[in-house]
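S.K.: starting from these lines, generate the structure:
(chains A, B and C, ligands or ions: 5)
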Amino acid sequence: MGTLDTTQTPGTATGVRTPGRASIPDRHLRTDRWWLAPAVTVAVLTAFVIYSTWRAFANSDYYAAPYVSPFYSPCLATNCVPMPAGADVQVFGPWWGISPALLVLIFPLGFRLTCYYYRKAYYRGFWAAPPACAVAEPHPKYSGETRFPLILQNIHRYFFYFAVIFAVILSYDAALGFRNAAGQWGHMGLGTLVLLGNIALIWLYTLSCHSCRHVVGGRLKNFSRHPVRYRMWTWVGKLNERHMALAWASLVSVALADFYVYLVASGTFHDPHLF
Amino acid sequence: MTTQVERHSYDVVVVGAGGAGLRAAIEARSQGMRTAVICKSLFGKAHTVMAEGGIAASMGNVNENDNWQVHFRDTMRGGKFLNQWRMAELHAKEAPDRVWELETWGALFDRTKDGKISQRNFGGHEYPRLAHVGDRTGLELIRTLQQKIVSLQQEDKKEFGDYEARLKVFQECTVTRILTRAESGSAADSRVCGVFGYVRESGRFFVIEAPAVVLATGGIGKSFKVPSNSWEYTGDGHALALLAGAQLINMEFVQFHPTGMVWPPSVKGILVTESVRGDGGVLRNSDGKRFMFDYIPEVFKEKYAQDEAEADGWYTAPDTHRRPPELLPRDEVARAINAEVKAGHGSPHGGVFLDVSTRLPAEEIRRRLPSMHHQFKELADVDITAEPMEVGPTCHYVMGGVDVDPDTAAATGVPGLFAAGEVAGGMHGSNRLGGNSLSDLLVFGRRAGLYAATYAAELAGSRPQVAEEQIEGAAAEALRPFSAEYAGNTDTVDGRPENPYSLHQELQQTMNDLVGIIRRAGEMEEALHRLADLRVRSRTAVVEGHRQFNPGWHLAIDLRNMLLVSECVARAALERTESRGGHTRDDYPQMDRLWRKSNLVCELAEYRGVITGQDPAMGQIKLTRRDMLPIRADLLALFEKDELLKYLTDEELSA
Amino acid sequence: MSYRGRFKIWRGDAKGGALQEFVVEVNEGEVVLDIIHRLQATQAPDLAVRWNCKAGKCGSCSAEINGRPRLMCMTRMSVFDESETVTVTPMRTFPVVRDLVTDVSFNYTKAREIPSFVPPPQLGPGEYRMQQEDVGRSQEFRKCIECFLCQNVCHVVRDHEENKTAFAGPRFLMRIAELDMHPLDAAEETGLDRKSTAQDEHGLGYCNITKCCTEVCPEHIKITDNALIPLKERAADRKYDPLVWLGSMIRRRRTD
Ligand SMILES: Cc1cc2nc3c(=O)[nH]c(=O)nc-3n(C[C@H](O)[C@H](O)[C@H](O)COP(=O)(O)OP(=O)(O)OC[C@H]3O[C@@H](n4cnc5c(N)ncnc54)[C@H](O)[C@@H]3O)c2cc1C
Ligand code: SF4
Ligand code: SF4
Ligand code: FES
Ligand code: FES
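M.R.: Ligands and ions are numbered 1, 2, ... in the order given. Below is the predicted model:
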């Protein structure tokens, strides 16, 4: 999280040490464990990045009929393992030699990277801008999201649109989970529950998005003239209050769903059939 | 010693940036006058932010039977017919326009179903009449006016390249003297020529020369121990007016709000808005009894419910039920609570219980009374959606104030001086109805600004000049607490200088104990003695440190004002041998029709503008009794004869 | 019920100062401001502090208590351990005047830079009709008591003095959102687009939505979620959304 250079001379001091402000040498006077939240953020996000990088590049053990890992759906290259009735559309020819996950991950990744909540989390945790409230940040300059590249955060809504498409596809995947390994309908295994749980959280996370809240009604000036959109806005607003919790929950659930598929596909674990 | 004084010159100076002051400033500036606003605290923090319940205006949005006549009647009844009736009339007539105007400046009131401004019930108002925003109406009012001022400044910026070209706010500045100049040399024809004050931040002095000064300094609550008021309420405007030669009327009428917090001790007095009762809250004593039914006075018998069933019916069907007695005017409720506590039926911390938790669903309470919910949660650890509050009377409002012309708000006797808002007297008679203050601020704030502007314009070429010796005098007076002359003064009690904080505490204790809700002749005489003693001692109050933002010094200066005003209250209260509205005498418990038409007028006893105050036996205030103008016939005709009989003498009626 | 509490209070002025230690009596139910007042009355009569209402309504008594921006009159002593030393300093983003009092004129300057409410020309006083659901959003923002704690905590200016010219701060960006969501504001008809000026003239882009303003707001206004992010989305409508932009070129957008 960086430390401030305390040897600065007063004339060049900035931030809370700007001449004219109350002269207090400490960069903060907080007595609580303010570093805990950013530390946890860093730990969990780092763990996720490591895990997902490994899985995305692995290019193996992502399909265990009827379950597909959310990292690999839709699967858009010829080198995908065949997924009966699944979302494998071979748009990219055999020239695509590496993991097909890399073709699509940019979308969920971009969605989360530009998500208003994750932005807060990583600006605080990784960038220390600020590390916590009323704790001085170590940077000499700050321009926020006013210029390239961070100005690109403004395109979050496009990622939201794609996220909806992805959520539809993953729902389809989850529905396919009601088949058995042979492709017959009317069955269900533990994996089905895992995929269902994951897609439910993905939907809730996606719908609780601030851009979604804006699109469904937030952009209106008069709600009373649009009662349906007002109701939708109210509903999305309620979800939106839990956006942080949903962001974490769905992050964990995606990794878990993938890991479950990995376990089953790699033969480490046998998917228990419920019926 | 020559004092360094910063000088400015304006057409109109408004002292006070509460609702009245800001409205006056907006009006004066809109009339084309260069206007200065001075306030003790930051811009936008005046006492008006604390107003909670709402602003009374007979817009008839909720009950269309409402109109100005009904509002006028309620106001007169609330004030027990002692109101300056012309002010009550103007107030009732103009209040709706003043509220609507706020909307065009950006205010967002709560709405009715058909999109109009919603109105709520309040004590003493026959119909739902208070426009409101949750329970933070004062904040909305002050913010709207503040933002209107900003918008005028933006216009000036466009036109003159300077935000402050025609309207400037001098924040954190305290006025200690109104400067006057007698052209002929005789005090009798002196006119206003400016104000003198100090900048709190730096301690530097300033003079603003101006032919017209509007006082809008609010009230006097800080002279009492348990007030709902902030530190600003040291009665500055009342004192400034006296010192400039103006008169105060009705100073014996001090409103004790029935419901202030009583626990924890550090928040004692903080207001619990009347909307709690307006929205269904009931008062109970320690036996769980809804005691207000026992306290409905004769004059109100027909208007209020006699049992719980009828009272509860009123919230949903007000046309077929009479109002619950919890909504009696404030003086009645405050006295009732006082009596219950005295009789030993009080709550653990010396109040009574105010309960909404059993009356409304929790969700509804949080929506309608958000800041009450917040206030009790944060300050007392009480969840008002689940348990009752403990409440007791708190000093809230002073009905008395500067005697003004009802139409122009010009102070009697001092050309160029105007007063509006709580610092002005007359409008509310002996007791103010809830919600009538905010509307009063706007109606008379506007009038004061308008007529001050007119006055300044008419005076154009012949503005009185500020006299240098007056500035020197004012500066010396302000610096007295620092002067070494007093530090080692042998006159002081046991030769030690006085601490202004202790003097203030003694003053508050005196007023609370001896001139509080229930008054007795002996106690008030005692109070006058103690006040005289405090006055002598206050001259030896010494402060430490330097002039830059020094609260001890500020308090030492404010003490002069509090002592003057407290003496007015005590003297007038001793003189009025009856009980009426905000003045209750144990030794004269009845209302007396003969006293109805009399105002008690306070003015400075010694020669104009100077107080020596050395002799404790000598008061500083001269009290006279003055008859009011008879109420205009068409206004009297708005009442039933039977009702008038309770207030007016037979001669008045037959005249 | 009462105990002797230990306090460190910053005393000084623009030229310098330091934390000074005090031991003061603390009684049940008291708030930090009570302690400051007791200090004034007993040990430090010239200790400068700004306050008015002592009821959390005026937003005057802002300071930093144990490093966290708070209202002194709404911080109960019971949240601290009796053995804990409570540190009180002035707000650290604004120039100090004396002791706990800071010069908050930055905020008044910013307030003036935000274009005011534009009344709809076709409606006179008394003719305004608005539904509760239409005023609800702006009403939340109007709960603001202008304590400036959000302005103080926001790292954009707290940690970067040089950003003060370009950045209006959360309180005043919220003011823009309030007006943009006002159902009858007619700014657009006068050619003023609050959405894009928020970004272009008032520094909305500096905010990186790290939510410290929301964390400290004593009125519990959801500044970031309900004002700043929606405002960013509205700015995006204007500036970064080709679809909306195209739409607005094709038909003069209805003012809904
Ligand atoms: C808790 C509470 C709740 C209330 N609720 C309601 C309600 O719901 N409805 C209602 O109608 N009324 C209500 N009132 C009453 C009402 O709020 C006040 O009477 C009213 O706000 C007074 O306004 P004003 O403009 O006269 O003065 P204020 O708003 O008090 O302003 C006084 C101004 O004068 C300045 N000033 C004072 N002395 C000096 C000096 N010497 N030099 C320079 N400036 C000075 C101050 O700084 C301040 O700016 C309530 C009062 C309280 C205390
Ligand atoms: S959310 Fe934005 S405005 Fe609020 S404190 Fe953070 S950077 Fe500042
Ligand atoms: S938004 Fe909240 S924190 Fe900011 S000034 Fe207003 S009340 Fe204070
Ligand atoms: S997904 Fe988090 S804000 Fe859009
Ligand atoms: S003193 Fe008013 S908010 Fe603390």
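
S.K.: would you agree B:H554 is in contact with B:G197?
M.R.: No - taking C-beta atoms under 8 Å as the contact criterion, B:H554 and B:G197 are not neighbours in contact, 11.4 Å apart. Bear in mind the C-beta positions are built from the backbone N, C-alpha and C, glycine included.

S.K.: neighbour count: these two, which is higher?
M.R.: The neighbour comparison of B:H554 against B:G197 (other C-beta atoms under 10 Å in any protein chain shown) goes to B:G197, with 26 against 22.

S.K.: tell me who's in contact with that one.
M.R.: By C-beta atoms under 8 Å, 6 or more residues apart in numbering or on different chains, the residues touching B:G197 are B:38, B:173-177, B:205-206.

S.K.: skipping adjacent residues, who's closest to whichever residue of chain C sits closest to chain B in space?
M.R.: Nearest residue of chain C to chain B (C-beta to the nearest C-beta) works out as C:G29 at 2.2 Å. Using C-beta to C-beta, 6 or more residues apart in numbering or on different chains and skipping the chain neighbours, the partner closest in space to C:G29 is B:P264 (2.2 Å).

S.K.: likewise for A:V254?
M.R.: Nearest non-adjacent residue to A:V254, counting by C-beta to C-beta, 6+ apart: A:P70, 5.3 Å away.

S.K.: which residues are in contact with that neighbour?
M.R.: Each residue near A:P70 by C-beta under 8 Å, 6+ apart is listed here: A:170, A:173, A:195, A:198, A:202, A:254, A:257-258.

S.K.: from those residues, which is closest to B:G106?
M.R.: The shortest separation between B:G106 and any of the contacts of A:P70 is 42.1 Å, and it belongs to A:I202 (by C-beta to C-beta).

S.K.: just want the phi and psi numbers for that closest one.
M.R.: Listed backbone geometry of A:I202 is phi -60, psi -40, with angles given as degrees, to the nearest 10.

S.K.: now C:D13
M.R.: As for C:D13, its main-chain torsions (degrees, to the nearest 10) stand at phi -150, psi -160.

S.K.: residue contacts, it?
M.R.: B:548, C:96-99.

S.K.: can you pull the pLDDT of A:D88?
M.R.: On the pLDDT scale, A:D88 is placed at 87.

S.K.: correction: the previous question concerned C:S78.
M.R.: According to the model's per-residue confidence, C:S78 sits at a pLDDT of 92.

S.K.: for it, grab the count of nearby residues.
M.R.: The number of residues packed around C:S78, counting by other C-beta under 10 Å, is 14.

S.K.: kindly report the same for A:H270.
M.R.: Neighbour tally, A:H270, other C-beta under 10 Å: 10.

S.K.: same question for B:A107.
M.R.: By the measure other C-beta under 10 Å, the count of residues near B:A107 is 25.

S.K.: and for it, nearest residue in space, chain neighbours not counted?
M.R.: Here the nearest residue to B:A107 in space, its sequence neighbours aside, is B:T144; by C-beta to C-beta, 6+ apart that works out to 4.2 Å.

S.K.: what residues of the helix or strand where that neighbour lies count as buried?
M.R.: Here B:T144, judged by DSSP states H and E, is contained in helix B:137-160. Burial within helix B:137-160, assessed by neighbour count using 16 or more other C-beta atoms under 10 Å in any protein chain shown, is assigned to B:137-156.

S.K.: ok, the next helix or strand after that helix: who's next to it in the sheet?
M.R.: Beyond helix B:137-160 on the C-terminal side, the first helix or strand identified by DSSP H and E is strand B:167-171. The partner list of strand B:167-171 in its sheet, established with DSSP bridges, is strand B:35-39 (parallel).

S.K.: can you list contacts of the strand it pairs with?
M.R.: Defining contact as C-beta under 8 Å, 6+ apart, one finds that strand B:35-39 is touched by B:8, B:10-17, B:21-22, B:25, B:28-29, B:43, B:46, B:149, B:166-173, B:175, B:195, B:197, B:208, B:210.
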